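Colleague: Quick one: sequence and predicted model below, then my questions.
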Amino acid sequence: MKRFYIIVLLVSAIFLYPQRTEAQEYSKEISISWAGTPLGDEETLLPYGEYLQLYDNPLEYMFSQYDGPTYMTGNIIAEIGFLKRKRWSFSVAVAANGIWKDCYSPLTDAKLGRSSGFSVTVMPQWRFYWKNSDLVKLYSSVGLGLSVGSFDDKTQSYGSFQLGLLGFQIGRRFFVFGEGGCGFLYMGGRLGVGYRF
């Protein structure tokens, strides 16, 4: 665990080290981040009602295959931002999430196979900066987009939203960032790295 903290400190020092002493103006930024489970995939692709199936024949229930836990990778998000104003910016994010679960035999508990799927979200976002200094930025964001998901022989497309309650960026040309919020890009938070040019 001690090594982890040392690595985090070294990486932070690299990002915080000033590249130039005078203020720079950047017009674009790119970033990549990882986030927790998105709202839409659980609610749309894994509806709760499917777990409450009623069977006409009790034997059908006893001899139907059953599913193990469902896992997700969490969203991996690539984003490009356009920095046109001091107090706000516009960005487009593309996020992908992998989903899988194993299926088992009710008689032998042997693994019969695996169901897998994915979701992809494209989300334009508008970001408002509460603090926009050369080194530290604090912001909130809102986005509306479109998601497409496929899982267990079921494909759906649906409108999506994201509300970023509070985010931070630390660094100049290279930066680290984190956000807290809720929506179809992530529930809870995300962390990532980026580059301005």
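Modeller: That came in fine, so what should we check first?
Colleague: List the buried residues of stretch 69-85.
Modeller: T70, M72, G74, N75, I76, I77, E79, G81, L83 (16 or more other CB atoms under 10 Å). C-beta: built from backbone N, CA, C; applies to glycine.
Colleague: Sorry, wrong one. I was asking about stretch 147-155.
Modeller: Those would be S147, G149, S150, F151, D152, for stretch 147-155 by 16+ other CB under 10 Å.
Colleague: need the helix or strand of the chain with the lowest average pLDDT.
Modeller: When the helices and strands of the chain are compared on mean pLDDT, DSSP states H and E, helix 58-62 comes out lowest with a mean of 59.
Colleague: helix or strand right after it?
Modeller: Per DSSP states H and E, the first helix or strand lying C-terminal to helix 58-62 is strand 66-72.
Colleague: For the helix or strand following that next one, what is the distance to the chain centroid?
Modeller: Downstream of strand 66-72, the next assigned helix or strand under DSSP H and E is strand 76-82. Between the centre of strand 76-82 and the centre of its chain there are 11 Å (CA atoms, centre = their mean, to the nearest Å).
Colleague: list the buried ones in the helix or strand just after strand 76-82?
Modeller: Using DSSP H and E, the helix or strand that follows strand 76-82 in sequence is strand 88-104. By neighbour count with 16+ other CB under 10 Å, strand 88-104 contains the buried residues S89, S91, A93, V94, A95, N97, G98, I99, W100, K101, D102.
Colleague: Same list (the residues you listed) but as CSV, adding pLDDT and distance to Y129.
Modeller: Output for the buried residues of strand 88-104, formatted as CSV (pLDDT from 0 to 100; distance: CB to CB, whole Å):
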residue, pLDDT, distance to Y129
S89, 95, 8
S91, 97, 13
A93, 97, 17
V94, 97, 23
A95, 96, 22
N97, 93, 28
G98, 91, 33
I99, 88, 34
W100, 88, 38
K101, 86, 41
D102, 89, 45
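Colleague: can you give me the helices in this protein?
Modeller: Using DSSP state H, the helices assigned to the chain run over residues 2-16, 39-40, 58-62.
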